[in-house]
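>>> Here is my input; please provide its structure:
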Amino acid sequence: MMSKRKTYYVICLSNEGYRVSLEPRKLYIALTDPEAEKEGLVRVIDESGDDYLYPTTSFAPISLPRRVELALAAS
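Residues are numbered from 1 along each chain as shown. All right, here's what the predicted structure looks like:
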């Protein structure tokens, strides 16, 4: 059985080259992917609702208070 990937939040800094898939200044859920990270990529659930790889330079990881994380997860 495959283990579930951990999630964390990132904010989009730039959508250059991905204008349909990403919105600048928007929060996105990212999934841990050690292999992608070695290549300078981050796995993000984008506007389509699916996860895709994007350059890490397009995002910054952010920490949210637990209460905010729970509220976002519930929506």
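
>>> and stretch 36-44, how far apart are its ends?
11 Å (Cα to Cα, to the nearest Å).

>>> Would you indicate which residues of that stretch are buried?
For stretch 36-44, burial by neighbour count (16 or more other Cβ atoms under 10 Å) applies to Leu41, Val42, Arg43, Val44. To be clear about C-beta, it is placed using only N, CA and C from the backbone, and glycine gets the same treatment.

>>> in terms of contact, does the third one touch Leu31 like I think?
In other words, Arg43. Yes. Counting by Cβ atoms under 8 Å, Leu31 is a contact partner of Arg43 at 4.5 Å.

>>> Give me the three-state assignment for the residue nearest the centre of the chain.
Nearest to the geometric centre of the chain sits Ala30, at 2.8 Å (Cα atoms, centre = their mean). Following DSSP: H, G, I helix; E, B strand; the rest coil, the label given to Ala30 is strand.

>>> Under a three-state scheme, what state does Glu16 occupy?
Secondary structure, three-state DSSP: Glu16 is coil.

>>> Would you check how far apart the residue lying closest to the residue nearest to the centre of the chain once chain neighbours are set aside and Leu72 are?
Among residues not flanking Ala30 along the chain, Val10 sits closest, at 4.7 Å (Cβ to Cβ, 6 or more residues apart in numbering). Val10 sits 13 Å away from Leu72, taking Cβ to Cβ, to the nearest Å as the criterion.
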